[in-house]
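>>> here is a sequence with its predicted model. Questions after.
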Amino acid sequence: MSLGSGSNTNGTSKKEAVVIQRFFSRPFFLSFTIGIPFCIFKLLFGLTAMRRGDPDNLFLWFFGGAIIIWATTDLLMNAGRSAFDLLHRIAPFEYCTIAEVGRIFHKPMVFLAIDTFLTFGIICAMLWSGWITTLTVFESYLWYAATTLNLISLSLVTIYNEMKTV
């Protein structure tokens with residue numbers, strides 16, 4: 001039975017498809033599989049930048065600190081969005097600080113896309129700079145968990161979207 005066929009006479013498959021689609025678009029799912037992993041990437045990048053900074057390079061230390069503040073704020077916002085969702089309430093704020101700034105321009109999703117682009121840049125910077133090799137064992141496991149959550153959720157949503165078009 002395909003999700004998109006609706007072959008069941010009582011409409012069960014359509015109802016199941018709607019429930020699955022709602023789950024994938026719930027703030028809890030989005031925060032848990034995208035927002036929080038992105039915050040982990042940002043936090044680890046900020047920590048690594050601070051470690052790379054030294055008395056001769058205070059820029060990296062302050063830059064890393066700013067990234068940590070940004071990541072922590074976004075983490076709190078994602079946790080808040082999840083909590084509001086679990087309480088069946090609409091959150092009065094966006095998933096991240098950049099999207100919140102986007103509210104001023106009535107374009108939070110555009111600014112959320114900018115945040116996504118910046119986070120992907122952070123991931124690339126960690127990989128290509130070699131900084132990823134400086135993570136502690138615990139930090140490495142955090143990176144692995146964030147990557148796994150992010151990629152598995154992307155795959156599940158893609159599979160679901162393809163199945164409903166069959």
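Alright, I've got the coordinates.
>>> low-confidence stretches in this protein?
1-12, 17, 166 (pLDDT under 70).
>>> that one: helices as residue ranges?
Applying DSSP state H to the chain gives helices spanning 12-25, 27-30, 36-52, 58-86, 97-104, 108-129, 137-164.
>>> my guess is I20 contacts Y160, does it?
Yes. I20 lies in contact with Y160 (CB atoms under 8 Å); the separation is 6.1 Å. The C-beta positions use only the backbone N, C-alpha and C, and glycine is treated the same way.
>>> ok so, going back, could the helices of the chain go into CSV alongside mean neighbour count?
Formatted as CSV, these follow (neighbours: other CB atoms under 10 Å):
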stretch, mean neighbour count
helix 12-25, 13
helix 27-30, 18
helix 36-52, 21
helix 58-86, 17
helix 97-104, 17
helix 108-129, 15
helix 137-164, 14
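>>> show me what contacts F24?
156-157, 160 (CB atoms under 8 Å, 6 or more residues apart in numbering).
>>> actually S153, sorry about that
Applying CB under 8 Å, 6+ apart, the residues near S153 are 29, 33-34.
>>> sorry, back to before: so which of the contacts of F24 is the closest to P92?
Nearest to P92, judged by CB to CB, of those is V157 at 26.2 Å.
>>> with just CA atoms, put stretch 152-166 into CSV.
Presented in CSV, the C-alpha positions along stretch 152-166 are these (Å, rounded to 0.1, in the frame of the first residue of the first chain):
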residue,chain,number,x,y,z
ILE,A,152,18.7,10.4,9.1
SER,A,153,15.9,12.9,9.5
LEU,A,154,16.6,14.3,6.0
SER,A,155,16.6,10.8,4.6
LEU,A,156,13.3,9.9,6.3
VAL,A,157,11.6,13.0,5.1
THR,A,158,12.9,12.4,1.6
ILE,A,159,11.7,8.8,1.6
TYR,A,160,8.3,9.8,2.9
ASN,A,161,7.9,12.5,0.3
GLU,A,162,8.9,10.2,-2.5
MET,A,163,6.5,7.4,-1.3
LYS,A,164,3.5,9.7,-1.2
THR,A,165,4.0,10.6,-4.8
VAL,A,166,3.9,6.9,-5.9
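>>> distance between it and the chain's centre?
Remark: stretch 152-166 is offset 18 Å from the chain centroid, using CA atoms, centre = their mean, to the nearest Å.
>>> do stretch 84-100 as well
13 Å.
>>> now do the end-to-end distance for that stretch.
16 Å (CA to CA, to the nearest Å).
>>> next one: stretch 28-42
20 Å.
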